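# The following comprises the amino acid sequence and a computationally predicted model.
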Amino acid sequence: MKTPVRASELTGRAWLNTGGRELDLQALRGKIVILDFWSFCCINCLHVLDELRPLEEKHSDVVVTVGVHSPKFEHEADPDALAAAVDRYEITHPVLDDPELSTWDAYTARAWPTLVVVDPEGYIVAHLSGEGHVSGLESLVAELVAEHEAKGTLHRGDGPYVPRPRPEGELRFPGKVVGLPDGSFMVSDTGHHRLVQLESDLSTVRRAIGDGTRGWVDGPRELARFNEPQGIATLPAHVRAEVGYDLVVADTVNHRLRGVDLGSGSVRTLAGSGVQRLLDDARARGTDPNVITATDPTEVALSSPWDLVWSDAADTLVVAMAGTHQLFSFDPRTGALAVLAGTGDEGLRDGAARESWFAQPSGLAQDAHGDLWVADSESSALRRVRCAAGDAAASPTGPEAAAAPHAPTAVGDPAGSSAGPDSAGSDGDAPARPDAAASPTSSGAPATVDAAAEVSVESAVGLGLFDFGFRDGPAAEARLQHCLGVTVLPDGSVAAADTYNGAVRRYDPATGEVSTLTRGLAEPSDVLLDTSHEEPVLVVVETNAHRLVRVPVPKKAQTVDEGAAQVQRKRTPVAPGELALAVRFSAPAGQKLDTRWGDPTQLKVSSSPEDALAEGGGTSQGLTRTLRLADGVTEGVLHVTARAAACDGSPDGEIPEHAACHLYQQDWGIPFTVDPAAPAELTLELRGTD
């Protein structure tokens, strides 16, 4: 048995949600403490916040969650931005602001999100990464309660959380906006869990749709409920007439698509079971998670749909499925859902749709050619999906060379995570429907909406998960920072809500140049062309200012160069030559490794640059591997993917025939530096318990 490890002290810049009190581990002694290392850009971190809510409520007298905010992007280190995020996501536990990653480093966190469990005596008992650990946490909490109640070291009672004042207004952290035929606008009032129809002045409220309470309820507008809705799309007239509703809403935290009748304001559920789509469990069952076979779209698990747009070229609705880093299609007339683009791996890879990678796509727009533009937030990239007939095989030349395909920049996580977290869960797909609008190829690859059209993906601006900045100029050198919204201007150029730079940026496909239209905004999350003016005017959703504003498109754009940046994380020193890699995994109580068909664990290893590894790359069974670094390598990044399959059952018995099985996965990107004095071993935690 390992020697117990005392938890390191919690150090950072400031505390939130404590009423001004600074916390330390001594003040939390007697409680079961869950440290949640998160960043507010990361969709998987947001998933974990929602996963933890029921556990926190159930065990409020013995469990204290402490969010350790460990920023990925420069903007996330702004204390005002963090305070706004804590309010926006309704976080009801103490949060430590750790902009220098001091507590992150002390606990050797390597991916967002990471959970560390500390027992009532101050010892680390579990180190978990990614999503899907709630059932295991429930078992662990029950064990710790029984053990420490018997020892007399558990202290029941209220925790240190103190609510922050909540200012009220007509809108609260609005997310997306769409124009309506009568000149009004429908905005997702995300923080109030409803939709709001605004008059053309952008401030007068005509009506609200939804009662403003977090939840899932269909019916009249006064009773309907949403859960942090985001994107809204209007359907074409002929489709509206056929289906009987006008708008489709991305009900993000409910993992559903909702339909809204503008006449009555009534709301209905169109797709999504409410269960989050997690791809690895389908792989554990031996099925392709990118093939959707459900007969009823409301039985299909979705994952944080963030935006939607109608595609004329594909004759269907396209959905930015941020949680699985993919684009889906949804046909309101038949209910057919399909994967349009993206493998589910997180990163930036261009090429054929079925081979492409996205990183939390969050904004969509269609141009005059029928191509789609995607604000790919976690890669700080502007992507183009060519789906118009005749365009798909085209490669940009001349000034558009900046949009040429990129190679992958990071090993991605099929379940979706930021810079490498894992996931485990279930996929709610049901048996095949005969009238699906799209079908998989014989290889099981994701189907396109129109099998006759070759859909492809290109990157116009952006390099990958770890590159960002605020720089205009040639697209190959330009940088964005976590862009969330996009629209197409009359001249064919593209305006992007460059959220973490507080700006609206412009990309011109004709010249390959990036410029700045306006700046000084409070986290703009969407941008819309207002066609009611003679000159181009944008409607911008200024999320952290709780308002919508109009911004005229200037005749001459600004050119800004505040530099390019990379995500900064401490490099791990490793010895030159041979390196022993080991990944720790312990199945949760009530589960056991599924050895019925051989070794249920797997490692996949690669490096950046590719030639940094002389030996040990590739995929094979087992959670240990001997690597050999190439001679002369001084630094780089190791990309490690670990998987382990476990099923419900007694550790000493057989796995029941119909047991639920779970596949745990984590992807790490480990920056390393070679040091002759460093250890010749690297140990990572997939699910470590002590």
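Sure thing, it's come through. It should be emphasised that the depicted structure is a prediction, and the values quoted were computed from it without experimental measurement.
# okay, CA-based contacts and neighbour counts for the rest of this
Noted.
# distance of residue 320 from residue 495?
Distance of residue 320 to residue 495, computed by C-alpha to C-alpha, to the nearest Å: 18 Å.
# Tell me the bridge partners for residue 638.
residue 607, residue 670 (DSSP bridges).
# I figured it was touching residue 682, is that so?
No. Counting by C-alpha atoms under 8 Å, residue 638 sits too far from residue 682 to count as a contact (10.6 Å).
# So for those two, which sits in the more crowded spot?
Neighbour count, other C-alpha atoms under 10 Å: between residue 638 and residue 682, residue 638 has more, with 22 against 15.
# what's the neighbour count on residue 562?
By the criterion of other C-alpha under 10 Å, residue 562 has 10 neighbours.
# Hmm, residue 471 and it touching each other?
Yes. Here residue 562 reaches residue 471: they are 5.8 Å apart, a contact under C-alpha under 8 Å.
# list the buried ones in the longest helix out of those in the chain?
Taking DSSP state H as the criterion, the chain has its longest helix at helix 134-151. For helix 134-151, a neighbour-count test (16 or more other C-alpha atoms under 10 Å) marks 136-138, 140-141, 144-145, 148 as buried.
# Let me have those residues in JSON lines, adding distance to residue 193 and pLDDT as columns.
Shown next, in JSON lines, are the buried residues of helix 134-151 (distance: C-alpha to C-alpha, whole Å; pLDDT from 0 to 100):
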{"residue": "136", "distance to residue 193": "30", "pLDDT": "86"}
{"residue": "137", "distance to residue 193": "28", "pLDDT": "92"}
{"residue": "138", "distance to residue 193": "28", "pLDDT": "92"}
{"residue": "140", "distance to residue 193": "33", "pLDDT": "94"}
{"residue": "141", "distance to residue 193": "31", "pLDDT": "97"}
{"residue": "144", "distance to residue 193": "36", "pLDDT": "97"}
{"residue": "145", "distance to residue 193": "35", "pLDDT": "98"}
{"residue": "148", "distance to residue 193": "40", "pLDDT": "98"}
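# which residues touch residue 619?
By C-alpha atoms under 8 Å, 6 or more residues apart in numbering, residue 619 lies in contact with 602-605.
# Surely it forms part of a strand?
Yes. Using DSSP: H, G, I helix; E, B strand; the rest coil, the assignment for residue 619 is a strand.
# what's the first-to-last distance across stretch 640-655?
29 Å.
# right, I mislabeled it, should have said stretch 360-379
Separation of the first and last residues of stretch 360-379 by C-alpha to C-alpha is 8 Å.
# again with stretch 141-159
16 Å.
# now what about it, what contacts it?
30-32, 60-64, 119-121.
# returning to what we had before: out of the buried residues of helix 134-151, the closest to residue 301 would be?
Nearest to residue 301 among the buried residues of helix 134-151: residue 136, at 21.4 Å, using C-alpha to C-alpha.
# Of the contacts of residue 619, which is the most crowded?
Highest count within those by other C-alpha under 10 Å belongs to residue 603, 23 neighbours.
# Could you list the alpha-carbon positions for the strand or helix carrying it in PDB?
Following DSSP states H and E, one finds residue 603 within strand 601-608. C-alpha atoms of strand 601-608 as PDB (Å, rounded to 0.1, in the frame of the first residue of the first chain):
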ATOM      1  CA  THR A 601      -6.200  -1.300 -21.200                       C
ATOM      2  CA  GLN A 602      -4.500   0.600 -24.000                       C
ATOM      3  CA  LEU A 603      -1.800   3.200 -24.500                       C
ATOM      4  CA  LYS A 604      -1.300   5.400 -27.500                       C
ATOM      5  CA  VAL A 605       1.900   7.500 -27.600                       C
ATOM      6  CA  SER A 606       3.200  10.100 -30.100                       C
ATOM      7  CA  SER A 607       5.300  13.300 -29.800                       C
ATOM      8  CA  SER A 608       5.700  16.800 -31.200                       C
END
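# Of the contacts of stretch 141-159, select the buried ones using a ChimeraX command.
A single ChimeraX command selects the buried members of the contacts of stretch 141-159 (16+ other C-alpha under 10 Å):
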select :30,31,32,60,62,63,64,119,120,121
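# Could you work out the most separated pair of the contacts of stretch 141-159?
Pairwise over those, using C-alpha to C-alpha, the maximum falls at 60 and 121, 18.0 Å.
# how far away is residue 262 from residue 162?
From residue 262 across to residue 162, the span is 40 Å (C-alpha to C-alpha).
# how deep is the closest residue to residue 335 other than its chain neighbours tucked in, by neighbour count?
Among residues not flanking residue 335 along the chain, residue 297 sits closest, at 5.8 Å (C-alpha to C-alpha, 6 or more residues apart in numbering). Neighbourhood size, residue 297 [other C-alpha under 10 Å]: 26.
# Residue 297 against residue 334, yeah?
No. If you go by C-alpha under 8 Å, residue 297 and residue 334 don't touch, sitting 9.3 Å apart.
# How many residues are close by residue 322?
For residue 322, the neighbour count with other C-alpha under 10 Å is 28.
# And for residue 659?
Neighbours of residue 659 (other C-alpha under 10 Å): 12.
# these two touch, right, it and residue 649?
Yes. Using C-alpha under 8 Å, residue 659 is in contact with residue 649, at 7.2 Å.
# Distance-wise, check residue 144 relative to residue 310.
51 Å.
# do the same with residue 658
Counting by C-alpha to C-alpha, the gap from residue 658 to residue 310 is 41 Å.
# And those two? Which one has more around it.
Shown here are residue 658 and residue 310; by other C-alpha under 10 Å, residue 310 has more neighbours (24 against 8).
# Am I right that the more buried one is in a helix?
No. Under the criterion used here (three-state DSSP), residue 310 is strand, not part of a helix.
# Let me know the pLDDT of the nearest residue in space to it that is not next to it in sequence.
For residue 310, ignoring the flanking residues on the chain, the nearest one in space by C-alpha to C-alpha, 6+ apart is residue 317 at 4.4 Å. Residue 317 is assigned 98 on the pLDDT scale.
# With residue 451 instead?
On the pLDDT scale, residue 451 gets 36.
# What of the one 5 residues further on?
Note on residue 456: pLDDT of 96.
# these two touch, right, it and residue 372?
No. With contact defined as C-alpha under 8 Å, residue 456 does not count as touching residue 372 (10.4 Å).
# Rank the helices and strands of the chain by mean pLDDT and give me the bottom one.
Ranked by mean pLDDT, DSSP states H and E, the helix or strand of the chain with the weakest confidence is helix 279-284, at a mean of 57.
# contacting residues for residue 28?
64, 120.
# Just read off the phi/psi values of it.
Backbone torsions of residue 28, given as degrees, to the nearest 10, read phi -100, psi 0.
# all helices for the stretch 401-550 of the chain, in order.
Read by DSSP state H, counting those that start in this stretch, the stretch 401-550 of the chain holds no helices at all.
# can you pull out the strands in it?
Assigned by DSSP state E, counting those that start in this stretch, the stretch 401-550 of the chain shows strands spanning 456-461, 467-471, 473-474, 485-488, 494-498, 503-508, 513-519, 524-530, 537-542, 547-552.
# quick one: contacts of the second one?
The contact list for strand 467-471, computed with C-alpha under 8 Å, 6+ apart, reads 73, 379-380, 462, 477-482, 501, 559-567.
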